[in-house]
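1. what follows is a predicted protein model with its sequence.
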Amino acid sequence: MYKVFIKNKPLFFIENGEDISMIDAKFVYSINNVEDKEIVLNKHASSEGYIYVQGSSFDRLWKLFFGKHKTVQAAGGVVINNKNQVLFIFRNGFWDLPKGKVEDEEAIEVAAIREVEEECGISKPRLISKLLITHHTYDTYGENCIKPTHWYLMKYDGDEELLPQEEEGITNVKWVNREDIASKMLNTFGSIIDVIGAFENNKV
């Protein structure tokens, strides 16, 4: 199952053959054409609950919803230091995690480290493991985009001064104690909540 955040609300895409017996059938919509898609998107925009969609072919379903979107690969990290604190940024009014666009011909792992370094002013965080991939859509200059973001767990052993990358809208970079992360989740994005959930489940 894939979760895509559209305007910060999740829409779930069911893969072929996936067991959906635990999902309330009234929230599962079968999609066969553009008209079905538009009906579901309208329901998604107005509903407070989760909505699931399925089709005869997952690839066809994905193409129907996102075939005209530009795919923008991104990468970022959940960075922990020697005090077991987590590195957060404050960007455009929201708490976030360092991440950014993968450059042409750049390895995703390299991009994840580079973005952490650029956005936070630290050097040489180490990759520990991959956590998950999140998906969200956005519009830029009239173009619809879908962004898969590859998230990694990283370790940082240094003590450099944190420097926010202000040209990227970042006004604060902060090491946050584990017990204080919940308060940051009150002012963040749904995808970031998922990333922190994956991190907490990683038993680090």
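-> It's in.

2. use CA for all of it now, contacts and neighbours both
-> Will do.

3. so which elements touch the one helix or strand in the chain whose mean pLDDT sits lowest?
-> When each helix and strand of the chain is scored by mean pLDDT, DSSP states H and E, strand 28-30 comes last, with a mean of 91. In this structure, strand 28-30 makes packing contacts with strand 51-54, judged by 3 or more CA pairs under 8 Å, 6 or more residues apart in numbering; DSSP states H and E.

4. the strand it packs on pairs with which strands?
-> Strand 51-54 has the following sheet partners, assigned by DSSP bridges: strand 9-13 (parallel), strand 28-30 (parallel).

5. show me which positions of the longest strand along the chain end up buried.
-> Once the chain is assigned using DSSP state E, the strand that runs over the most residues is strand 126-140. Counting neighbours by 16 or more other CA atoms under 10 Å, one finds that the buried residues in strand 126-140 are 127, 130, 131, 133, 134, 135, 136, 137, 138.

6. what's the closest of those to residue 150?
-> residue 133 (4.6 Å; CA to CA).

7. between the strands paired with strand 51-54, which one is closest to residue 75.
-> Across the strands paired with strand 51-54 (criterion: CA to CA), the nearest stretch is strand 9-13, sitting at 19.8 Å.

8. what's the average pLDDT for that closest one?
-> Per-residue pLDDT values over strand 9-13 give a mean of 95.

9. residue 9: neighbouring residues, count only.
-> 19 (other CA atoms under 10 Å).

10. ok now do it, which residues does it touch?
-> For residue 9, the residues meeting the contact criterion (CA atoms under 8 Å, 6 or more residues apart in numbering) are 44, 190.

11. I'd like the distance between it and residue 191.
-> Note on residue 9: its distance to residue 191, by CA to CA, to the nearest Å, is 9 Å.

12. same question for residue 114.
-> Computed with CA to CA, the distance linking residue 114 and residue 191 is 21 Å.

13. with residue 35 instead?
-> In this structure, residue 35 lies at 28 Å from residue 191, with CA to CA as the measure.

14. when those two are compared, which one has more neighbours?
-> It is residue 191, of residue 35 and residue 191, that has more neighbours when counted by other CA under 10 Å, with 21 against 10.
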